[in-house]
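Q: okay, here's the prediction I keep looking at, along with the sequence it came from:
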Amino acid sequence: MRIKLSAFVLGVLVLVVLPFVLTDFRTVQLATVGAYFIAILGLDVLTGHSGQISLGHGAFMAVGAYTTAILMANHGVRDLWTIPIAAGVAGVIGLLAGVPALRLSGLYLALATFGIAVVLPTILKKFDHFTGGSTGITLFGKPAQTGHGVGVWGLTNNQWLYALTWTIGAVVFLIAWWLLDSRFGRSLRAIRDSDIAAVASGVNRAKYKVLAFGVSAAFAGVGGALFAINVAYVAPDTFPIQLSLYLLVGAVVGFFGSIWGAVLGALLIQFLPDVVGLIPHVDTKQAGPTTLFFGLVLVVLMLVLPIVLRAASRLANRSYFGAL
Amino acid sequence: MTRNLCAIAVAALLVAGIATASTTATPGVSATTITLGSSGPLTGEAAAAAGVLRGAEGYFKYVNARGGVNGRKIDFKYLDDAYDPSRTVQNVRQLIQQDNVFALFSVVGTNGNLAIRDYANAAGVPTVFSAAGATTFGRDYVKYPWTIGYLPPYGEEGELYAKHILATNGKKAKVAVLYQSDDYGKDLLAGFRRGLGAKARTSIVQTVGYDPTASDVQSQVAQLKASGANTLCIFAFGKFAIQAFQYANKLGWKPQIYINDVASASSIMQINPRSTAEGSISIVWGKDPATPKFKNDAGTALAAKIIKTYIPGANPSDGFLIAGMAEAFSMVDALKAAGKNLTRKSLMSAVTHMIEANIPFLVPGVTVHTTPTFRFPISAVQLQRWHNGHWELFGGAQSAKP
């Protein structure tokens, strides 16, 4: 516990120092990383701890992002206050999705959630009076934008976005930590490890499984809301099925089941395309190479990285990185 | 304790690895280079439009090999957004904040340009000769002084088709419209309605939109055929245009077809059997190398030479490449006019005082002309008809002034 606390404090310190040594642009990229981080935390709760797989978390991010965008653009709600509302809306939809999910497991649940992610962009385009259709919604310079895209309290706009995202990221992380360390988390893990044994021990299986979906979707909603505030623009194609897949990969890479690895997964989603561009003789201006390398790297990482990192962490110290 | 120190060391290394710094007086302009940035669909459904960026890049390389502009070479950096406007936003943020581009040039797509213009204007970065034809890019210069488009406005294009219908088949035309349901397709449709005027209500029997990320337009075409129309307007893009022709043919429907400029490249129109596209009407402003009239033309020859030398592997009859070269030609002229002491202000002044009658890549009669209050660089076009497997121009240059 003491080591975990010091790891957390160290993480916070690094986060505070980073914007002072990075360029403004890298700072705002890390803000986007923060949004992915929060969404992956949600996936850690759901898939890592309750054992329910979701290939549709990009859709919950989209719900959060659109809640924020519509409230800001059409109703003039200040961006900060839209974040808890986005969490609420995405959470409720998550609870609703959790009910039919009770009857599905494994591959079937993966397919059902995959379906949600596939269908959502089309729904967003269908109701274009409400969502702006495929043109999307621009938030830049809107009166509801804190700092109006210029900056606030002596921070540049990018530093402000970074501070906002990672402050909320740290809070969400603490909530996840506390939740998973409590009765809630223990019940989820009991259900994941053995449905029957958990029920026999008096765990309300249905309640916890649905709750896990709700909490997880609410986290993703917060991530989506922050993504919308960061980019100051949302469109249906911002949340393609690939995003859901990347989130799952991000969760896997970040030692599945551990909220401590989520930041690794988030960094991967944001920076892997840049890294591919650094490989010599690869022309990223052609369609093939980028997509191919992205796929290859993801497959290799998914196969190798969790094994390597887990082995390394076991060797180093069982409790330092180990699953919560 | 050692472990914590290690962690700190790793963090510090990471930080050092990604930290970069740069400072210049006018961003993106040095004694030897001018850095321009862009974003477009290099991958995905709309990837054909990337030809605009590759053509422009080829022309810049050609100019660089001949000494560049006022002694500076043009460094043209473009990023992939897969036609997703939120990626256009992030690309443009990277180009401005990290790559320190002097100006944005030929950003592709109406939605992408709409998404970036608030930010680019707040940052005071010229967004010049965008590869998008929505009327707003030329019209709303008071609110967006740093933005200027290039293509003939879509609304005016739609009007021209309407006028051609009224002139040739005004009484009997029953029109069905297939359009892409975003600002691009809706702009064309709105202009088309405007052009028909009072006749719009009786002449247009059916309009059906499709989503730009849809997989095909088969059911839309069937729906349009069922309306009993004898005229079909295709306001589409790339593969959807090809599908529209194919499905109409498959259903045995032979309407008079009007197809919008962006979707009317010769490569798209080469559909089997040949009768499928025969007689279709479109507009054109860049010289299509596949059009017989331009076979021995000096501009087409120059384009072919540039493609061969600087854009290896590209299809020499790709009209998007020519469009990109025309944009790049105007850009080079503007950079020259902006002077040796290049600033973002002097560039904006140059692009709003353009008179170019000599662009080798444009069809005769089409010139580039702008003033600070008239920001539609290409405001004349030429009608053309598809006949025997290639386009034939007819009727002389037409005004497309809003």
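A: Received, thanks. Numbers count the residues shown, from 1 in each chain, chains lettered A, B, ... in the order given.

Q: all contacts plus neighbour counts: C-alpha atoms, from now on.
A: Noted.

Q: neighbours around the residue nearest to B:Thr32 when sequence neighbours are not counted, how many?
A: Spatially, and ignoring its direct neighbours in sequence, B:Thr32 is nearest to B:Arg72 (4.5 Å; CA to CA, 6 or more residues apart in numbering or on different chains). Around B:Arg72 there are 17 other residues, counting by other CA atoms under 10 Å in any protein chain shown.

Q: cool, the one 10 residues further on as well?
A: Close neighbours of B:Ala82, defined as other CA under 10 Å, add up to 20.

Q: tell me how far it lies from B:Thr43.
A: 5 Å (CA to CA, to the nearest Å).

Q: end to end on stretch B:176-189, go ahead and measure it.
A: 11 Å.

Q: if you could redo that for stretch B:105-113, that was the one I meant.
A: First-to-last distance for stretch B:105-113 - CA to CA - comes to 11 Å.

Q: near chain A, which residues of chain B?
A: In this structure, chain B approaches chain A at residues B:11, B:15, B:18-21, B:42-44, B:79-80, B:84-87, B:89-90, B:93-94, B:97-98, B:111, B:114-115, B:118-119, B:181-183, B:211, judged by CA under 8 Å from any CA of the partner chain.

Q: from the residues you listed, which would you call buried?
A: B:15, B:19, B:42-43, B:79-80, B:84-87, B:89-90, B:93-94, B:97-98, B:111, B:114-115, B:118-119, B:181-183, B:211 (16 or more other CA atoms under 10 Å in any protein chain shown).

Q: show the average pLDDT along stretch B:42-57.
A: Mean pLDDT, stretch B:42-57: 86.

Q: could you list the low-confidence segments of the stretch 201-324 of chain A?
A: In the predicted model, the stretch 201-324 of chain A carries pLDDT under 70 at residues A:254-257, A:276-277, A:280-294, A:297-298, A:305-306, A:309, A:313, A:315-324.

Q: what about the strands in it?
A: Assigned by DSSP state E, counting those that start in this stretch, the strands in the stretch 201-324 of chain A fall at A:233-234.

Q: any weak-confidence spans in chain B?
A: B:1-24.

Q: biggest helix in it by residues?
A: helix B:319-337 (DSSP state H).

Q: following element in sequence after that one, please.
A: Sequence-wise, the next helix or strand downstream of helix B:319-337 (DSSP states H and E) is helix B:344-351.

Q: same for that following helix, what does it pack against?
A: Packing contacts for helix B:344-351, counted by 3 or more CA pairs under 8 Å, 6 or more residues apart in numbering or on different chains; DSSP states H and E, involve helix B:319-337.

Q: one more pass at 10 Å, please.
A: On a contact count with 3 or more CA pairs under 10 Å, 6 or more residues apart in numbering or on different chains; DSSP states H and E, helix B:344-351 meets strand B:103-105, strand B:127-130, strand B:147-149, helix B:319-337.

Q: deepest of these, which one?
A: Stretch with highest mean neighbour count among the helices and strands packed on helix B:344-351: strand B:147-149 (a mean of 29; mean count of other CA atoms under 10 Å in any protein chain shown).

Q: contacts for that strand?
A: B:104-107, B:110, B:113, B:117-118, B:120-121, B:124-141, B:348, B:351-352, B:370, B:374-378 (CA atoms under 10 Å, 6 or more residues apart in numbering or on different chains).

Q: mind checking what helix or strand follows that strand in sequence?
A: helix B:154-169.

Q: okay, that next one in CSV with CA atoms only?
A: Extracted in CSV, the C-alpha atoms of helix B:154-169 (Å, rounded to 0.1, in the frame of the first residue of the first chain):
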residue,chain,number,x,y,z
TYR,B,154,-20.6,24.5,-55.4
GLY,B,155,-23.8,26.5,-55.2
GLU,B,156,-23.0,28.2,-58.5
GLU,B,157,-22.1,24.8,-60.0
GLY,B,158,-25.6,23.5,-59.1
GLU,B,159,-27.1,26.6,-60.6
LEU,B,160,-25.3,26.0,-63.9
TYR,B,161,-26.8,22.5,-64.2
ALA,B,162,-30.2,23.9,-63.4
LYS,B,163,-29.9,26.6,-66.1
HIS,B,164,-28.8,24.0,-68.6
ILE,B,165,-31.8,21.9,-67.9
LEU,B,166,-34.1,24.9,-68.2
ALA,B,167,-32.5,25.8,-71.5
THR,B,168,-32.6,22.3,-73.1
ASN,B,169,-35.5,20.5,-71.5
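
Q: near chain B, anything from the one helix or strand A:Ala65 maps to?
A: Element membership for A:Ala65 (DSSP H and E) is helix A:57-75. No - judged by CA under 10 Å from any CA of the partner chain, helix A:57-75 stays clear of chain B, getting no closer than 12.2 Å.

Q: measure how far that helix is from the centre of its chain, please.
A: Between the centre of helix A:57-75 and the centre of its chain there are 14 Å (CA atoms, centre = their mean, to the nearest Å).

Q: over to stretch B:391-402?
A: The mean C-alpha position of stretch B:391-402 is separated from the chain mean by 18 Å, CA atoms, centre = their mean.

Q: ok, now stretch B:265-281?
A: Relative to the mean C-alpha coordinate of its chain, stretch B:265-281 is positioned 21 Å out (CA atoms, centre = their mean).

Q: for it, output the C-alpha coordinates as PDB.
A: C-alpha atoms of stretch B:265-281 as PDB (Å, rounded to 0.1, in the frame of the first residue of the first chain):
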ATOM      1  CA  ALA B 265     -12.700  12.700 -63.400                       C
ATOM      2  CA  SER B 266     -12.200  10.800 -66.600                       C
ATOM      3  CA  SER B 267     -11.000   7.900 -64.500                       C
ATOM      4  CA  ILE B 268     -14.400   7.700 -62.800                       C
ATOM      5  CA  MET B 269     -16.300   8.000 -66.100                       C
ATOM      6  CA  GLN B 270     -14.600   5.100 -67.800                       C
ATOM      7  CA  ILE B 271     -17.400   2.700 -66.900                       C
ATOM      8  CA  ASN B 272     -18.300  -0.500 -68.800                       C
ATOM      9  CA  PRO B 273     -20.400  -0.700 -70.900                       C
ATOM     10  CA  ARG B 274     -19.500   2.600 -72.500                       C
ATOM     11  CA  SER B 275     -23.100   3.600 -73.100                       C
ATOM     12  CA  THR B 276     -23.500   3.900 -69.300                       C
ATOM     13  CA  ALA B 277     -22.100   7.400 -69.000                       C
ATOM     14  CA  GLU B 278     -22.700   8.500 -72.600                       C
ATOM     15  CA  GLY B 279     -24.100  12.000 -72.800                       C
ATOM     16  CA  SER B 280     -23.500  12.900 -69.200                       C
ATOM     17  CA  ILE B 281     -22.900  16.600 -68.500                       C
END
